[in-house]
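S.K.: Here's a sequence, model it:
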Amino acid sequence: MYTAEVFRVFAVRGGDASPAVAPATTTNCLKIVAFNTPTFRNGLNARWAKALTLCRCSVDSKSVGDEVFSVTQSNKSDVDYLGESTKGDLNVKLEHLEAFGIDGHASLDGPIEEVARSEARDAEDLLQDLGIPSPSSSRNSPRGIFCSRTLNLRSISAIGYDMDYTLIHYNVMAWEGRAYDYCMENLKNMGFPVDGLAFDPDLVIRGLVIDKEKGNLVKADRFGYIKRAMHGTKMLSTRAVSEMYGRELVDLRKESRWEFLNTLFSVSEAVAYMQMVDRLDDETIPADLALDYKGLYKAVGKALFWAHVEGRLKSEIMSKPELFVEPDPELPLALLDQKEAGKKLLLITNSDYLYTDKMMQHSFNRFLPNDMGWRDLFDIVIVSARKPEFFQTSHPMYEVVTGEGLMRPCFKAQTGGLYSGGSAQMVENSLDIHGDEILYVGDHIYTDVSQSKVHLRWRTALICRELEEEYDALIGSRSYRESLVELINQKEIVGDLFNQLRLALQRRSKDRPAQTLAATNLNDEDLTDSMQKLLIVMQRLDEKIAPMLEADGELFNSRWGFLSRAGLWDKSHLMRQIEKYADIYTSRVSNFLYYTPFMYFRSQEQNLAHDSYTYYCSQLYNENSS
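M.R.: Sure thing, here's the model as predicted:
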């Protein structure tokens, strides 16, 4: 408990000192004094011990924050060397240090590189002494937050959240399984044969694409080339995929043909469709329905749509939410940190008010302190938002004024309000916050992430729960992939030699000298024997490499491999969408708890094909050094 009090006053996380947020009493400072003992100081350097002593002289924790620090306001913000706004950065008030006779620059003598190394070591030691994990340890874990585009959380004034599969995670087998059951019941009523079919969530993964013209489910790489495909519920061979899609690319702009599985809500629909493709191929679907693959997809979509519209599915979930919702006790605390850090919190969901209230009460209220309710977390709540239109156009806004969901028209959202419909522009105008000062967090690449990014230039975060399983699968298959890479490297070396001998043979057949004098003088028998031997070696390597490549990613999904990869080295089409539209991505919202609301997320260096020059430079440097 005490270490937490120390940290609340002297936190240094994510490259920024956090302002004191404890209540305005002397209690916190007295607790800190208890740590200003020889035993505790042995684990800290002199400057940290001095900082603890300084707190004892202060009146209260609130005044300490006000006197020591100032926050950069919007009208005084600039951009830093990475182009990010400095709004929200914390600055040290030098006059406060002078009042206590402390020289703010006295401890910074010497080259800044050396000072920085020393301070970094001290900071790491302090975090360890306080039992607080560093952001780097969180980053290298399944619960990490991964950055595609540099994002300074300090400059974010408002954070908006989707609800389903974002703030609330459902048990996929339970939720999507029931959606599938209702879909199949509706299909049966429409005259489709569904007997003997059962929900199989392992049949599909997020990020696949339905080819509505051919009745296929495909996995494409970042360029749109199709790497794996399934017709109905049967995987197609590599040769069949090449023959069928060798001249075609997935183009998501052609919505009449391609349907991208953006979210876990797509699972039940895709499973039902692929199973019904088998029934269409078997000619068990009545001929009077006169359906092709595209018409079949439309029929399945209609059946699932009515499963949602009829209300039976949501009524069942609302009656027993514990069977469908996987609670996350850390999630409300993460949002509480953000709110106390001055962020405006928004809930923007397509779900209706009654369903939203029931799900949020179940998932949040029991984990909040001091009898808080979930509504207390959010400055504005918008239900029935009609995303993606919410981000694209303007719709009427209604205020929800009763617990039963009765509404009245309104024209401007107020803090603490609960609304239905409206638009993102209304939210911006109501808060007087626009564009990249708003971060929107959701699980749907199109509805949540790309549309808020494209139309409003909001900053974006994607929630993808499967990342945790994928991360563990990648770690678990590391030695397997290393062995596979080693085999491929061996083939490349052998292949290089074979290709040179083949070129020598080609030149010899044209009575021209080979590449070198030695190759020219090589007799015919030795040349052909060497080529024959190398060719056999490569063929045997291929026999081993091919099935290993096919099995790569089986730890995640036996049919489709890894979520983020299409082949050994290339990114999947899903990963390309994430990188293009999501500034950061992570497995669950509660992961923010390990980074603080002041984190500066920096994107990693992007490797290019010609970056191998760095290897040449290092080799050259080593040779010169020796």
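
S.K.: switch to C-alpha atoms for all contacts and neighbour counts from now on
M.R.: Will do.

S.K.: so what's the closest residue to D570 other than its chain neighbours up against?
M.R.: Spatial nearest neighbour of D570, chain neighbours left out: D221 (6.7 Å); criterion: C-alpha to C-alpha, 6 or more residues apart in numbering. By C-alpha atoms under 8 Å, 6 or more residues apart in numbering, the contact set of D221 is K227, R565, A566, D570, K571, S572, H573.

S.K.: And for P329?
M.R.: F364, F367.

S.K.: now swap in F364 and tell me
M.R.: P329, L331, P332, G373, W374 are the contacts of F364 under C-alpha under 8 Å, 6+ apart.

S.K.: Repeat the analysis, applying 10 Å as the threshold.
M.R.: 167-168, 327-333, 372-375, 377 (C-alpha atoms under 10 Å, 6 or more residues apart in numbering).

S.K.: per-residue pLDDT, the residue nearest to D570?
M.R.: Per-residue pLDDT puts D221 at 95.

S.K.: Quick check: phi and psi at it.
M.R.: Taking degrees, to the nearest 10, you get phi -90, psi -170 for the backbone angles of D221.

S.K.: Wait, M548 touches L484, no?
M.R.: Yes - counting by C-alpha atoms under 10 Å, L484 is a contact partner of M548 at 6.9 Å.

S.K.: Between the two, point out the one with more neighbours.
M.R.: L484 (19 against 15; other C-alpha atoms under 10 Å).

S.K.: Give me the pLDDT for that one.
M.R.: 95.

S.K.: can you check the one 3 residues further on too?
M.R.: With respect to pLDDT, L487 scores 96.

S.K.: circling back to that earlier point, tell me the bridge partners for the residue nearest to D570.
M.R.: Note on D221: beta-bridge partners by DSSP bridges are S572.

S.K.: mind checking how far it is from S564?
M.R.: From D221 over to S564 the distance is 9 Å, taken as C-alpha to C-alpha, to the nearest Å.

S.K.: can you check S530 too?
M.R.: Distance from S530 to S564, by C-alpha to C-alpha: 41 Å.

S.K.: Looking at this structure, which helix is longest?
M.R.: The residue-count maximum for a helix in the chain (DSSP state H) belongs to helix 478-509.

S.K.: and S530 and S564? which has more neighbours close in?
M.R.: Taking other C-alpha under 10 Å, S530 and S564 do not tie; S564 has more neighbours (20 against 14).

S.K.: and the more buried one, what is it in contact with?
M.R.: Neighbouring residues of S564 by C-alpha under 10 Å, 6+ apart: 206-207, 221-222, 467, 470, 570-576, 578.

S.K.: Name the SS class of the residue of the chain positioned farthest from its centre, please.
M.R.: No residue in the chain sits farther from the centre than D511, which is 60.1 Å out by C-alpha atoms, centre = their mean. Of the three states, D511 takes coil under DSSP: H, G, I helix; E, B strand; the rest coil.

S.K.: That one and S394, how far apart?
M.R.: Applying C-alpha to C-alpha to D511 and S394 gives a distance of 76 Å.

S.K.: Ok, H455 next?
M.R.: 12 Å.

S.K.: Repeat that for V115.
M.R.: For V115, the distance to S394 - C-alpha to C-alpha - is 53 Å.

S.K.: do the same with C183
M.R.: Distance, C183 to S394, by C-alpha to C-alpha: 32 Å.

S.K.: Quick check on those two: which one has the bigger neighbour count.
M.R.: Higher neighbour count among C183 and S394: C183, with 24 against 14, using other C-alpha under 10 Å.

S.K.: Tell me where the stretch 501-626 of the chain is predicted with low confidence.
M.R.: Residues of the stretch 501-626 of the chain that meet the criterion pLDDT under 70 lie in 612-626.

S.K.: element containing V218?
M.R.: V218 is located in strand 216-220, with elements delineated by DSSP states H and E.

S.K.: Compute the inter-axis angle for the helix or strand following that strand and strand 216-220.
M.R.: Downstream of strand 216-220, the first helix or strand assigned by DSSP H and E is strand 226-231. Angle of strand 226-231 versus strand 216-220, following axes from the mean of the first three to the mean of the last three C-alpha atoms, to 10 degrees, is 160 degrees.

S.K.: CA atoms of strand 226-231 as CSV?
M.R.: The C-alpha coordinates for strand 226-231 follow below in CSV (Å, rounded to 0.1, in the frame of the first residue of the first chain):
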residue,chain,number,x,y,z
ILE,A,226,-4.4,-15.4,-51.8
LYS,A,227,-2.3,-17.9,-49.9
ARG,A,228,-4.8,-20.3,-48.5
ALA,A,229,-8.4,-21.0,-49.4
MET,A,230,-11.3,-23.2,-48.3
HIS,A,231,-14.3,-24.2,-50.4
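
S.K.: Just put the contacts of F364 in TSV and tack on distance to E543 and pLDDT.
M.R.: Listed next are those as TSV, based on distance: C-alpha to C-alpha, whole Å; pLDDT from 0 to 100:
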residue	distance to E543	pLDDT
L167	47	97
I168	46	96
P327	47	93
D328	47	96
P329	50	95
E330	49	95
L331	49	96
P332	52	94
L333	53	94
M372	63	92
G373	61	94
W374	58	96
R375	60	95
L377	58	96
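
S.K.: So which of those belong to helices?
M.R.: Per DSSP H, helices hold the following members of the contacts of F364: E330, L331, P332, L333.

S.K.: close enough to count as contact, the last one and M372?
M.R.: No - with contact defined as C-alpha under 10 Å, L333 and M372 do not form a contacting pair (11.6 Å).

S.K.: Show me which of the two is the more surrounded one.
M.R.: For L333 versus M372, neighbours defined as other C-alpha under 10 Å are more numerous around L333 (18 against 13).

S.K.: related to what we said a few turns ago, find residues that contact each of H455 and S394.
M.R.: Common neighbours of H455 and S394 (C-alpha under 10 Å, 6+ apart) are A424.

S.K.: tally of neighbours for Y440?
M.R.: Counted with other C-alpha under 10 Å, Y440 comes out at 24.
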